Structure formats: C-alpha cells, structure tokens
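1. Let me see the structure of the following:
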Amino acid sequence: MRCDHCAHDVPDGVFCTRCGAHQGTQAELGANPKTRVHRYAAHPAEHVVQPSVFTTLFPHLGQRKIHEFRWAFAAGLAGILILYVAGLITAAILAATLLVPVLYLIYLYEAQVYRDEPATVLGFIIGGGAAIGLVLTLIERAVNNPYASVGNPLRNAGVSAGTVLFLGLVVPVVQEALKPLPALLLPNRTDFPETVDGLVFGIAAGLGFSVAESLVAFSSALTSLPAHMTPGNWIYELATLAVFQPLLQGSATGMVVATIWRYRRGRLGRRELGGVAVAVVAHVAFALGTLLLKDLLVNPLFILVWQAAVVGGLLIYVRYLLHHALLEEAAHMGFAETVCPNCHMHIVASGFCPNCGVALTAAPMAVKRARKPRADSTAKGSVRD
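-> I've put the predicted structure just below:
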C-alpha cells in the first residue's frame, strides 16, 4: 500500500512502517495520525498522556516482560510492608532504597541497552551517579544538618528562610546540573545514538544518585534504630523512599540527558528545552513542597499526594518527549525481517511495526540484532503470523 502521509510504498498494515502514522483513522479518532498521541510509540496500547511508570522508564520491554516487572515491583512493595508491620524498620529502609534501582539494573541486563560492555557502561553510569550523590549529599548535610540539635527536631523548630532556599531551590538545581555527568562522560557514548538510549542512561544515573542520597540521609536512622521497634509513622517515609524519590531523580535526570542526546542529533527545539525546564521545576516543586508541608505539620498522606502529582506530571512529559523522538528517529531504519517485541508477530518492517505501531528503535538489543535486512523492493508483503 502507499502511505497517505509519507507517500512511500509500505507493507499493508494499521500503521505505516516508515513514518509510524496511523493509517486512515483521522476522522474516527479526531487526532493527527502522524503524531498519534493516542498510541504511545514505545507501547502503543497506551496514550501518550498516561503517567505509567514502567512503560515510560522501561521503554525497551515488550508487553509480556513489562508485566513481569510490574509484578516484581508489587512483590517488593509487599515485602517492604511486611518488614514495616514486623517492626524491622532498618531493613525496610534498605529495601525501599534499593527496590527501584535493583529492578532497573535487571532491566538494563534484560534489554541489553549497553551493547557488549555491561561492566563498563553500568559501572560507569550507576556508580558515577552514586558517587555524585554521595558527595553532594554529604556536602548538603555539612551545610544543613537537621539532626544537629539533639532534642530540637526540625519539625518542631520551624524551617528558616535560608533553609527553604537552600534545600528547596539550590540543592535541586545543583543536583540536576551534576547528575547527568556519568552519562555525558561515558567513554563510548557515540555507540548509543538514539534518544531512548540517552533517556535510559540518564535514568540509571539518577537512580544511582538516589541510592547514595537516601543512604546518607537516613544514615543516622540506620545506625541508631534498634533491630525491632514499633512501626509508628514510618510507612510514609518508606513510601517516598521506595516510590516517589527514585522516580523523581531518575525521570528528571533521564529527561535532561535525553535533551542533550537530541541536541547531539541537531534536534534541539522548544520541546527539548521545555524538558530541561520541566525537570528542574518538578525537582524544585517536589523538594520545596515536601519541606514546607512537613514544616506545617500537614497530614503525611497529603504530602504523598503532592509527591505523586509532581512525579506523575514529570512522567507525562518524559513520555511526550520520547514519543516524538521515537517517531522521528525510527523513520530512518531500513526494511528488515524481524519479530515485533510488542505484539510478537513476524513482520517485514522499517522503523515501526505495521501491526501494532511500536517504534522498533525501542526494541531490546537481541531483537535488533536478529533483524534480517531486506531491500525495499522485497518489502511488499503484509504482516504475517
């Protein structure tokens, strides 16, 4: 068939395998088929404006694998809850700190984003992020230590204007300026040209930073709390540690690095510059809002709602940026025989699966290596089982 939008001859299908446009559906859906915001390029079963954690931050995984990670995450949260109920708060803090970073490390091995150098890439990015987190958090605690005055905790003493400015504005901005360094200084970064690679490496650096930051921030609790104690209100801190803080740090850094990757491809525009602004503003809003709400003795549940709202908005912009990057970059791939990582059908395709519309640049490395190139003249067949 001839695509209505790019005018190329392509295999018959719901989506154009060259430009990714949704064929013949503009009138029905009321949306631009070339941007197809109702079909997220990395996971077409979802809308772009959907704050889904795993399909956003784990873009290389197909539908089957993504469910495995969701179940693993749910099991991890259940384990943290059991430790909390049992009064094993120290163990619960450690488990909450490591849950998302460990899942992401497994994902990086599963998708083989690092090509053939796992030790170099993962060690440099995650280890570098952790090193930066350790140094910055130690400096932060040296400048402002909320536990310096024994018997006069911060929540009872009130927060000074200087503390608000330092913790709510200066620290987030400095963190977002330094967290991307491991991904930017990666020795063989030219081997990873796609924006989705930059996003994933940025997320990994941010999660490494999050581990170090959490361990330093809770070092007093980890060393002073008894092995077994009354759970109290620790569940709220554990929720922030296990979910919202790592998602914030990873998403913000991932979007900054993805923007830099776009700049390297000569595609720096308002969308990309907006991504950097959104990352910094979201981090400031998260830190500043949490600080002020705690100082005002607001119910901790409302603090979690605030954190969830900030992280949800950040995830949506990450999806928006990645979606448009995938639509543009996948259009330049040649025709090949492959298996779609999302719908698992054998296809002859270029940059997009003609059956489900997933961008094949977001496929795991094993799928990319299995592609069998074909000339354009032979790519006339439709999707076949």
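
2. Put the alpha carbons of stretch 343-361 into CSV.
-> C-alpha atoms of stretch 343-361 as CSV (Å, rounded to 0.1, in the frame of the first residue of the first chain):
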residue,chain,number,x,y,z
CYS,A,343,2.8,-7.9,19.6
HIS,A,344,5.3,-10.8,18.9
MET,A,345,4.4,-11.2,15.2
HIS,A,346,6.8,-11.9,12.4
ILE,A,347,6.9,-8.8,10.2
VAL,A,348,8.7,-7.1,7.4
ALA,A,349,9.2,-3.6,8.7
SER,A,350,11.3,-0.5,8.7
GLY,A,351,11.0,1.7,11.8
PHE,A,352,7.6,0.7,13.1
CYS,A,353,5.6,-2.5,13.4
PRO,A,354,2.8,-2.3,10.8
ASN,A,355,0.5,-4.3,13.1
CYS,A,356,0.8,-2.5,16.5
GLY,A,357,2.8,0.6,15.7
VAL,A,358,5.6,0.2,18.2
ALA,A,359,8.8,2.0,17.3
LEU,A,360,11.4,-0.6,16.6
THR,A,361,14.3,1.6,17.9
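
3. now that stretch: mean pLDDT?
-> For stretch 343-361, the mean pLDDT works out to 79.

4. quick one: buried residues of that stretch?
-> Of the residues in stretch 343-361, those buried by neighbour count under the rule 16 or more other CB atoms under 10 Å are 343, 345, 347-361. All C-beta atoms are positioned from the backbone trio N, CA, C, and that covers glycine.

5. cool, and stretch 197-208?
-> Neighbour counts over stretch 197-208 (16+ other CB under 10 Å) mark 197, 198, 199, 200, 201, 202, 203, 204, 205, 206, 207, 208 as buried.

6. ok, back up a step: show me the buried residues of stretch 343-361 that map onto strands.
-> Residues of the buried residues of stretch 343-361 located in strands (DSSP state E): 347, 348, 349.

7. Make CSV out of these and add distance to residue 111.
-> As requested, these are exported to CSV (distance: CB to CB, whole Å):
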residue, distance to residue 111
347, 20
348, 23
349, 19
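
8. Closest one to residue 139 out of the buried residues of stretch 197-208, please.
-> Nearest to residue 139 out of the buried residues of stretch 197-208 is residue 208 (CB to CB; 17.3 Å).

9. Quick one: low-confidence residue ranges for the stretch 201-350 of the chain.
-> Residue ranges of the stretch 201-350 of the chain with pLDDT under 70: 331-332.

10. Also the stretch 51-200 of the chain?
-> Looking at the stretch 51-200 of the chain by pLDDT under 70, you get 115-117, 145-159, 189.

11. do that again at 50, thanks
-> The stretch 51-200 of the chain contains residues with pLDDT under 50 at 147-157.

12. can you map out the helices along the stretch 201-350 of the chain?
-> 219-224, 234-239, 245-264, 270-295, 300-329 (DSSP state H, counting those that start in this stretch).

13. For residue 13, find the nearest of these.
-> Closest approach to residue 13 among the helices of the stretch 201-350 of the chain is made by helix 300-329 (16.1 Å; CB to CB).

14. what's the angle between the closest one and helix 270-295?
-> 170 degrees (axes from the mean of the first three to the mean of the last three CA atoms, to 10 degrees).

15. would a markdown table of the helices of the stretch 201-350 of the chain with mean neighbour count be doable?
-> Formatted as a markdown table, the helices of the stretch 201-350 of the chain follow (neighbours: other CB atoms under 10 Å):
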| stretch | mean neighbour count |
| --- | --- |
| helix 219-224 | 12 |
| helix 234-239 | 19 |
| helix 245-264 | 26 |
| helix 270-295 | 18 |
| helix 300-329 | 20 |
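
16. Nearest to residue 94, out of these?
-> The closest of the helices of the stretch 201-350 of the chain to residue 94 is helix 219-224. By CB to CB, the value is 7.4 Å.

17. Show me what that closest one packs onto, helices and strands only.
-> Under the contact criterion of 3 or more CB pairs under 8 Å, 6 or more residues apart in numbering; DSSP states H and E, helix 219-224 touches helix 89-111.

18. Beyond the helix it packs on, next helix or strand please.
-> Sequence-wise, the next helix or strand downstream of helix 89-111 (DSSP states H and E) is helix 118-143.

19. tell me the angle that next one makes with helix 245-264.
-> Using the same axes, to 10 degrees: helix 118-143 against helix 245-264 is 120 degrees.

20. Give the other helices and strands that helix 118-143 contacts.
-> In terms of contacts (3+ CB pairs under 8 Å, 6+ apart), helix 118-143 is packed against helix 89-111, helix 171-178, helix 181-184, helix 195-217.

21. Out of those helices, indicate the one that is most buried.
-> helix 195-217 (a mean of 27; mean count of other CB atoms under 10 Å).

22. Report the distance from it to the chain centre.
-> With CA atoms, centre = their mean, to the nearest Å as the basis, helix 195-217 stands 9 Å off its chain's centre.

23. what inclination does that helix have with respect to helix 118-143?
-> Using the same axes, to 10 degrees: helix 195-217 against helix 118-143 is 40 degrees.

24. Pull out the CA atoms of helix 195-217 and give them to me as PDB.
-> Coordinates of each C-alpha in helix 195-217 appear next as PDB, following Å, rounded to 0.1, in the frame of the first residue of the first chain:
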ATOM      1  CA  THR A 195      17.300   9.500  22.300                       C
ATOM      2  CA  VAL A 196      15.900   6.400  24.000                       C
ATOM      3  CA  ASP A 197      19.400   5.400  24.900                       C
ATOM      4  CA  GLY A 198      20.100   8.800  26.500                       C
ATOM      5  CA  LEU A 199      16.900   8.600  28.400                       C
ATOM      6  CA  VAL A 200      17.700   5.200  29.800                       C
ATOM      7  CA  PHE A 201      21.300   6.100  30.800                       C
ATOM      8  CA  GLY A 202      20.100   9.300  32.400                       C
ATOM      9  CA  ILE A 203      17.500   7.300  34.500                       C
ATOM     10  CA  ALA A 204      20.200   4.900  35.500                       C
ATOM     11  CA  ALA A 205      22.500   7.700  36.700                       C
ATOM     12  CA  GLY A 206      19.600   9.300  38.600                       C
ATOM     13  CA  LEU A 207      18.700   6.100  40.300                       C
ATOM     14  CA  GLY A 208      22.400   5.600  41.300                       C
ATOM     15  CA  PHE A 209      22.300   9.100  42.800                       C
ATOM     16  CA  SER A 210      19.000   8.300  44.600                       C
ATOM     17  CA  VAL A 211      20.600   5.300  46.400                       C
ATOM     18  CA  ALA A 212      23.500   7.300  47.700                       C
ATOM     19  CA  GLU A 213      21.300  10.200  48.700                       C
ATOM     20  CA  SER A 214      18.900   8.000  50.600                       C
ATOM     21  CA  LEU A 215      21.600   6.100  52.400                       C
ATOM     22  CA  VAL A 216      23.300   9.300  53.600                       C
ATOM     23  CA  ALA A 217      20.100  11.000  54.500                       C
END
